[in-house]
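In: below is the structure, and that's it, no one-letter string:
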């Protein structure tokens, strides 16, 4: 039982909570454990994104079918994002999490603010320019997924164009992908340690009581995300016939890792493998999952609506229906600026409020104390959204989903 990864994750989260509560200073000192784990996993994500996208384009055999899959993926992603924004708006409107809350009484940690906000984004134009790297290889070292997607698309379509001449490169990329997945298998065993350090830091730095003062915001986001997840899982159930409990059980380890690390990015290789075992073709998975990490962050979309309405209510700033509709349109774009890593949703919120300055951007500093908890909810929802989108697209492509295939056996010598 203790050898199961999800059991180890639960133990890590519980132990971190207890340690942070009983010995706060020790909990704060353990913060680097969580950061180190996420950095270790992130260092391998750019090459895996590159290899899986390129292989997905090549497997489709040409630009026409690849373009068709991308268009279908964009349609599904857009529908999920709209549903996410509506879920957050409806639940936040009913629960009114910011009513009567004095945010000015909450202290601000400047270092955490800079860490969560990340590099500033000065409007949509800069977001588009971020897609183009300074050099071909800098796309893999800058820590941003957008240039990797851009380069992968160019290389993939280039390999399709040169045909048989590119076969050695394709075989090399597939071998490199297998190697990276194997390394990820080694590193993911450290997830309970990373979760232990991250939770211990959060409880030790802010305390259970302080986190509880913003509990209404956490509850609102959780309920809105649960509503969205229920709709998505039901859609998968209707489209594929796969029972919801079976789907959740199949991905339970990955979902618990996301909860513990507040990052959906760290389980990308495992999601790809498990989606293929459910019957989704490598061609569909290889395109949909990496694209979803930038274009299908449903948890971030829910968070943007809930956090914006929370701040507006707490600061007594009215948002009439026409202004709220404008916010939702902007969030359709700004929700795509976040990557599947811890704190990127907060950065997307900063961008949203910078473009529409009804709510002071500085007010977002009051959310930092509970952003670790909010990030876990966001990341889990985004992970479920990517799983659901991939299975829906695979079914749209004609695949039979539901029967779990056995793990591939390693090659034997002789």
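Out: Great, that's in hand. Computed from a predicted structure; not experimentally measured.

In: buried residues in the top helix by length along the chain?
Out: Secondary structure of the chain per DSSP state H: the longest helix is helix 63-95. Residues of helix 63-95 classed as buried by neighbour count (16 or more other CB atoms under 10 Å): 66, 69-70, 72-73, 76-77, 80-81, 83-89, 91-92, 95. For the C-beta atoms, the positions are set from N, CA and C on the backbone; glycine is no exception.

In: likewise stretch 272-283?
Out: Buried residues in stretch 272-283, defined by neighbour count with 16+ other CB under 10 Å: 272-276, 278-281, 283.

In: between those residues, which is nearest residue 154?
Out: For the buried residues of stretch 272-283, the closest approach to residue 154 (CB to CB) belongs to residue 283, at 18.3 Å.

In: where's the closest one relative to residue 40, distance?
Out: Using CB to CB, to the nearest Å, residue 283 is found at 29 Å from residue 40.

In: for residue 97, what are phi and psi?
Out: Residue 97 has phi and psi values of phi -70, psi -20 when expressed as degrees, to the nearest 10.

In: tell me if I'm right that it and residue 222 touch.
Out: No. Residue 97 lies out of contact with residue 222 (CB atoms under 8 Å); the separation is 10.8 Å.

In: which one of those two has more residues nearby?
Out: When neighbours are counted by other CB atoms under 10 Å, residue 97 comes out ahead of the other of residue 97 and residue 222, with 24 against 19.

In: residues in contact with that one?
Out: Under the criterion of CB atoms under 8 Å, 6 or more residues apart in numbering, the contact list for residue 97 reads 216-217, 219-220, 306, 309-310, 313.

In: what score does it have for pLDDT?
Out: In the prediction, the pLDDT value recorded for residue 97 is 85.

In: quick check: the gap between it and residue 349.
Out: Note on residue 97: its distance to residue 349, by CB to CB, is 15 Å.

In: same check, this time on residue 196
Out: 28 Å.

In: how about residue 90?
Out: Per CB to CB, residue 90 is found 19 Å from residue 349.

In: what's the answer for residue 251, then?
Out: Remark: distance between residue 251 and residue 349 (CB to CB) = 27 Å.

In: which of the two has more neighbours?
Out: Higher neighbour count among residue 251 and residue 349: residue 349, with 28 against 19, using other CB under 10 Å.

In: neighbours around residue 375, how many?
Out: Tallying neighbours of residue 375 according to other CB under 10 Å, which is how burial is gauged here, yields 26.

In: quick check: closest non-adjacent residue to it.
Out: On the basis of CB to CB, 6 or more residues apart in numbering, the spatially nearest residue to residue 375 that is not a chain neighbour turns out to be residue 262, at 3.9 Å.
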